[in-house]
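Q: Sharing a model that was predicted from the sequence below.
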Amino acid sequence: MVTEDRDTAVAFLKKLWCEEKVVCPKCGKSVLEHLHKKAKKSNCDWKCPSCGEIYRTIHMLKALPRDRESQKPMEG
Ligand SMILES: [Zn+2]
């Protein structure tokens, strides 16, 4: 995981899911493209054509630290 904080990681994932062009955060040379070009169904995995870094968005999402601060207990 190249992103350091949760907000950056979430923004990065959202861009990928929205099919936006995202420059590889590792090398910054190329726009990420689908890892499986032929399988249109599984478009959650992305790959950088320059450095070969693979970004599996589902895995990255699960690896994110839980945002406990925003989950306030319901009181009152
Ligand atoms: Zn790269």
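A: Structure received.

Q: just checking, residue 25 is part of a helix?
A: No: Residue 25 sits outside any helix when classified using DSSP: H, G, I helix; E, B strand; the rest coil, being coil.

Q: Next, count neighbours for it.
A: When neighbours are counted by other Cβ atoms under 10 Å, residue 25 registers 17. Where C-beta positions appear, they are placed from N, C-alpha and C, glycine not excepted.

Q: Same check on residue 46?
A: Applying other Cβ under 10 Å, we find 21 residues neighbouring residue 46.

Q: any idea how far it lies from the ion?
A: Going from residue 46 to the ion by Cβ to the ion, to the nearest Å gives 10 Å.

Q: One more: residue 54?
A: Residue 54 is 10 Å from the ion, by Cβ to the ion.

Q: who does that residue bridge with?
A: In this entry, residue 54 is beta-bridged to residue 47, by DSSP bridges.

Q: Let's check: the centremost residue of this protein is which one?
A: The residue lying closest to the centre of the chain (Cα atoms, centre = their mean) is residue 13, at 3.0 Å.

Q: which ones are touching the closest residue to residue 23 other than its chain neighbours?
A: Excluding the flanking residues, the one nearest residue 23 by Cβ to Cβ, 6 or more residues apart in numbering is residue 31, at 5.7 Å. By Cβ atoms under 8 Å, 6 or more residues apart in numbering, the residues touching residue 31 are 21-24.

Q: Which pLDDT does the model give residue 33?
A: Looking at residue 33, its pLDDT is 94.

Q: no no, residue 65
A: 78.

Q: same thing with residue 6?
A: 88.

Q: And for residue 55?
A: The model's pLDDT for residue 55 equals 95.

Q: ditto for residue 52
A: At residue 52, the pLDDT value in this model is 97.

Q: secondary structure element for it?
A: Using DSSP states H and E, residue 52 falls within no helix or strand.

Q: what distance separates stretch 27-38 from the centre of its chain?
A: 12 Å (Cα atoms, centre = their mean, to the nearest Å).
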